[in-house]
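> Can you look at this prediction? I've put the sequence above it.
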There are 2 protein chains.
Amino acid sequence: MKVVVARLKESGHKLTPPRVAALEVLIDSSEHISAEELHSKIKSKYPGAGLATTYRTLELLKELDIVTSLDDKRGKKLYEMKTRDHSHLICRSCGDVTEIEADSSAKKKAEVGQRYGFEVVDCQVEYHGICADCLHTKEED
Amino acid sequence: MKVVVARLKESGHKLTPPRVAALEVLIDSSEHISAEELHSKIKSKYPGAGLATTYRTLELLKELDIVTSLDDKRGKKLYEMKTRDHSHLICRSCGDVTEIEADSSAKKKAEVGQRYGFEVVDCQVEYHGICADCLHTKEED
DNA sequence: AAATAAATGAGAATAATTCTCATTTATTTT
DNA sequence: AAAATAAATGAGAATTATTCTCATTTATTT
């Protein structure tokens, strides 16, 4: 939290109640979370909070590389704190999104930077397919 | 085209004019393309085409693993034929999406399959950061 | 050529996100 | 500590993208 708050202030942004609430909720969520869900949790901490601000906060936190977003199978956005590197398994059948350990991305980031003159801030990997549960269910038919 | 059409028919779907038009446009587009753009190009081939059908076609082609989608920086969806494996560079500054060669994903797919019991159909990698052009522009300030 | 299920077009409906603008507030300056 | 200022906010309207509905059409099978 301290680190993240520092990053907010360093970049010239104010530390406001809806932002604090958003960060608390995000840090608390071990799982990725939708904007809607986030907003409702923010409201339980800070009832006056407006939905537009939740979106504005998410946008800001993405810019500052504090959160990332990804799409679930239905195309809805999910958000999460960008802590350690990790990848996602996205099931085509049930839509479930699971987080897995990242592969050694540091090397790859550097490589891409070199080769394309692109300054890599972040690398996201998604594996699309069928999750273990759905594979099982299929077998039982 | 033949291969793709075959996959459509094998999976029990009809080969209709709006689908053929969609495939033609997608195959023609070396670049990723938005749903809106795709629709307008479909209409120039087949003026009667409806927007809903364009979305339905995209959904179908995704299910059949014929196209993939990704989000540009602003969160809009872009579509493209899923030919060879490749990754994307997404610029945070100008939003440009560039395609690059894929890293050796076959090995990794197998690995993920093993470890998590997840049947990987497809792996997508996104590098987020600042593109060469924007880096240059910055220097000039 | 007829039968049938699938696909379509049109526009309405929905859902998610963004915008507007008058008001409030965190931070800086004095 | 109070005043000044730019940034942030809430509320709801507006926009955008996408999905749905349903009556009609069409590709494919028979």
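Structure's in. What do you need? Residues are numbered from 1 along each chain as shown, chains lettered A, B, ... in the order given.

> drop to CA atoms for contacts and neighbour counts, all remaining ones
Fine.

> Name the nearest residue to the residue positioned nearest the centre of chain A, ignoring sequence neighbours.
Centroid check for chain A by C-alpha atoms, centre = their mean gives A:E80 as the closest residue, at 2.7 Å. Nearest residue to A:E80, sequence neighbours excluded (C-alpha to C-alpha, 6 or more residues apart in numbering or on different chains): A:H32, at 4.8 Å.

> so who does that neighbour touch?
By C-alpha atoms under 8 Å, 6 or more residues apart in numbering or on different chains, the contact list for A:H32 reads A:78-80.

> how much space between it and A:L78?
Separation of A:H32 from A:L78 (C-alpha to C-alpha, to the nearest Å): 6 Å.

> could you say what helices and strands the longest strand along chain A packs with?
With secondary structure taken from DSSP state E, chain A has its longest strand at strand A:119-130. Other helices and strands packing on strand A:119-130, by 3 or more C-alpha pairs under 8 Å, 6 or more residues apart in numbering or on different chains; DSSP states H and E, are strand A:86-91, helix A:105-116, strand B:119-130.

> Extract the C-alpha trace of it and format it as PDB.
Output of strand A:119-130 as PDB, limited to C-alpha atoms (Å, rounded to 0.1, in the frame of the first residue of the first chain):
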ATOM      1  CA  GLU A 119      10.300  -0.100 -24.200                       C
ATOM      2  CA  VAL A 120       8.400  -3.000 -22.500                       C
ATOM      3  CA  VAL A 121       6.700  -2.000 -19.300                       C
ATOM      4  CA  ASP A 122       4.700  -5.200 -18.900                       C
ATOM      5  CA  CYS A 123       4.100  -8.500 -20.500                       C
ATOM      6  CA  GLN A 124       0.900 -10.400 -20.400                       C
ATOM      7  CA  VAL A 125       0.300 -14.000 -21.400                       C
ATOM      8  CA  GLU A 126      -3.000 -15.600 -21.900                       C
ATOM      9  CA  TYR A 127      -3.600 -19.300 -22.500                       C
ATOM     10  CA  HIS A 128      -6.900 -20.000 -24.000                       C
ATOM     11  CA  GLY A 129      -8.400 -23.500 -23.900                       C
ATOM     12  CA  ILE A 130     -10.400 -25.900 -21.800                       C
END
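
> got a list of what A:G113 touches?
Per C-alpha under 8 Å, 6+ apart, neighbours of A:G113: A:119-120.

> re earlier: among the helices and strands packed on strand A:119-130, which is nearest A:E99?
strand A:86-91 (4.6 Å; C-alpha to C-alpha).

> Name the next helix or strand downstream of that closest one, please.
strand A:97-101 (DSSP states H and E).

> Mind listing the strands that next one pairs with, and their directions?
Strand A:97-101 has its sheet partners listed here by DSSP bridges as strand A:86-91 (antiparallel).

> for the strand it pairs with, what is the average pLDDT?
Strand A:86-91 shows a mean pLDDT of 88.

> could you give the angle of it to helix A:105-116?
Comparing the axes of strand A:86-91 and helix A:105-116 via axes from the mean of the first three to the mean of the last three C-alpha atoms, to 10 degrees yields an angle of 90 degrees.
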